[in-house]
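> here is my input; please provide its structure:
(chains A, B, C and D)
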2 protein chains.
Amino acid sequence: MNQNSKIKLSFKQKMMLQREAQIIQTVNGLLATKGYDAMTVDEIADSVGIAKASLYRHFPSKEALAVAALINTMENSLEQIQALNETSLSALNKLKNITQWVMRLKLNQQMPNLPSENSMLREHLLTHDSYMDLLVNMSDSIGEWIEQAQAERQITTSVTPLCILYTLYAKACDPVLGFLKISGLYDEEQIIEMVTSTCFNGIGHREH
Amino acid sequence: MNQNSKIKLSFKQKMMLQREAQIIQTVNGLLATKGYDAMTVDEIADSVGIAKASLYRHFPSKEALAVAALINTMENSLEQIQALNETSLSALNKLKNITQWVMRLKLNQQMPNLPSENSMLREHLLTHDSYMDLLVNMSDSIGEWIEQAQAERQITTSVTPLCILYTLYAKACDPVLGFLKISGLYDEEQIIEMVTSTCFNGIGHREH
DNA sequence: GTCTATACCGAGATAGAC
DNA sequence: GTCTATCTCGGTATAGAC
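Just a heads-up that it's a prediction; the model follows:
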């Protein structure tokens, strides 16, 4: 992603990177709206505006395209996390903040949908080093927030940190967001508000 | 589903229904583990133990197979709901009960995974009368529980009933269940317990 | 690096015998 | 109603010219 900060690139190389960024954005959108299986390479090529064969000069396979998009999203997420770590927000508010950031991505159909369990792509991701590195980094950072928030009694200790981590990750593919949007009854901020509430406050009754 | 309660059937017809039940069970399992796109008709046939062409004598298409499995699951769910309505449980406990029932199905890979948004199958379901009838029935019943529980101040009124309904529906495809299971750290009851807690109590801190 | 044209294959669906 | 064998089509990937 950041080669251009290391060495001077020729004009052609810059164009190349820009095109690949464009491809990744397209793939990201298609993964978000249709998912991996339903997305076709023809579609990607048409949407980008180049021939399919040209696409294969940039990425060796459909899987590689998806992985590149997923890694891109992970990198963006990590940037968000690092930015939050620069702030003086409480651990709880960092957790809420990143969760809402992810939900906005999902609502705007920019959060890629991973295929269901037992898929080839998932298997492949687990063996993909740089992807796993990013994932581990992310889990570590968020895990720290969770433990800190628990220590400060800002979030519950009645479930384990791992369960909380997964619960937050799950917001990246929460169908509730889409359903509420389709209903047409709420605007984006109301949806974010409600789902944040069900996530942190639960649907059970609370005093005050 | 209940033709056999209406009229006397020949032996052959009974065998037929049994076979179709067997097919539906197989499809249900495959939908739960692999999802619609990844599931192949060859797989279904092999798993049932008949030839693919025979399968097509029972159901006209792959889509019809999936719809039959989905309707079957809906019928089972409605039975559960009706059984709960026979009890004297509070509305809150009925909601918890049906939610946990659904989560057990999901944990045991018997809850079919619908494909991602914008799929053909989803479109088709929306125009499928008997499926929509079941869905509306279910939503009405659960909707009543929600409103009753809100009136009794057992669940929150800070989000709308619709949001709560969707939040509960979402438990049928909650990836947290599978992730916690894969982690190998918890048994089924612990997982149900934790996810129920995050759902009804939230992950935010609660007094007492 | 981009294109057009094509190879190849997996998977849904069907033909036709028994 | 079940089978084997086959058709067909869509979709991934590649060949080869420019």
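> now for A:Ala170: which residues touch it?
B:Asp174, B:Pro175, B:Val176 (CB atoms under 8 Å, 6 or more residues apart in numbering or on different chains). Any C-beta I mention is one placed from the backbone N, CA and C, and that applies to glycine too.
> make CSV out of the residues you listed and add pLDDT.
Compiled in CSV, the contacts of A:Ala170 are given as follows (pLDDT from 0 to 100):
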residue, pLDDT
B:Asp174, 97
B:Pro175, 97
B:Val176, 98
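> out of the residues you listed, which is nearest to B:Thr33?
Distance ranking of these against B:Thr33, using CB to CB, places B:Pro175 first at 13.6 Å.
> where is the longest helix in chain A?
helix A:62-86 (DSSP state H).
> for that one, which positions count as buried?
Residues of helix A:62-86 classed as buried: A:62, A:65-74, A:77, A:80-81, A:84 (neighbour count, 16 or more other CB atoms under 10 Å in any protein chain shown).
> could you do stretch A:90-100 as well?
Using 16+ other CB under 10 Å as the test for burial, stretch A:90-100 gives A:Ala91, A:Leu92, A:Lys94, A:Leu95, A:Lys96, A:Asn97, A:Ile98, A:Thr99, A:Gln100.
> quick one: which of the residues you listed is nearest to A:Arg57?
Closest to A:Arg57, out of all of the buried residues of stretch A:90-100 and judged by CB to CB, is A:Ile98, at 36.1 Å.
> so which other helices or strands are in contact with the strand or helix carrying that closest one?
Counting by DSSP states H and E, the element that carries A:Ile98 is helix A:91-107. On a contact count with 3 or more CB pairs under 8 Å, 6 or more residues apart in numbering or on different chains; DSSP states H and E, helix A:91-107 meets helix A:62-86, helix A:129-151, helix A:161-169, helix A:175-183, helix A:188-200.
> residues from chain A in reach of DNA strand D?
A:Met39, A:Thr40, A:Val41, A:Asp42, A:Lys52, A:Ala53, A:Tyr56, A:Pro60, A:Ser61, A:Lys62, A:Glu63 (CB under 7 Å from any atom of the strand).
> for B:Gln110, see how far away the fourth one is.
I take that to be A:Asp42. Noted for A:Asp42: a distance of 36 Å to B:Gln110, by CB to CB, to the nearest Å.
> more neighbours: those two, which one.
B:Gln110 (16 against 11; other CB atoms under 10 Å in any protein chain shown).
> that one and DNA strand C, how far apart?
Between B:Gln110 and DNA strand C the distance, using CB to the nearest atom of the strand, to the nearest Å, works out to 21 Å.
> show me the contacts for that residue.
Counting by CB under 8 Å, 6+ apart, B:Gln110 has contacts B:Asn28, B:Gly29, B:Ala32, B:Thr73.
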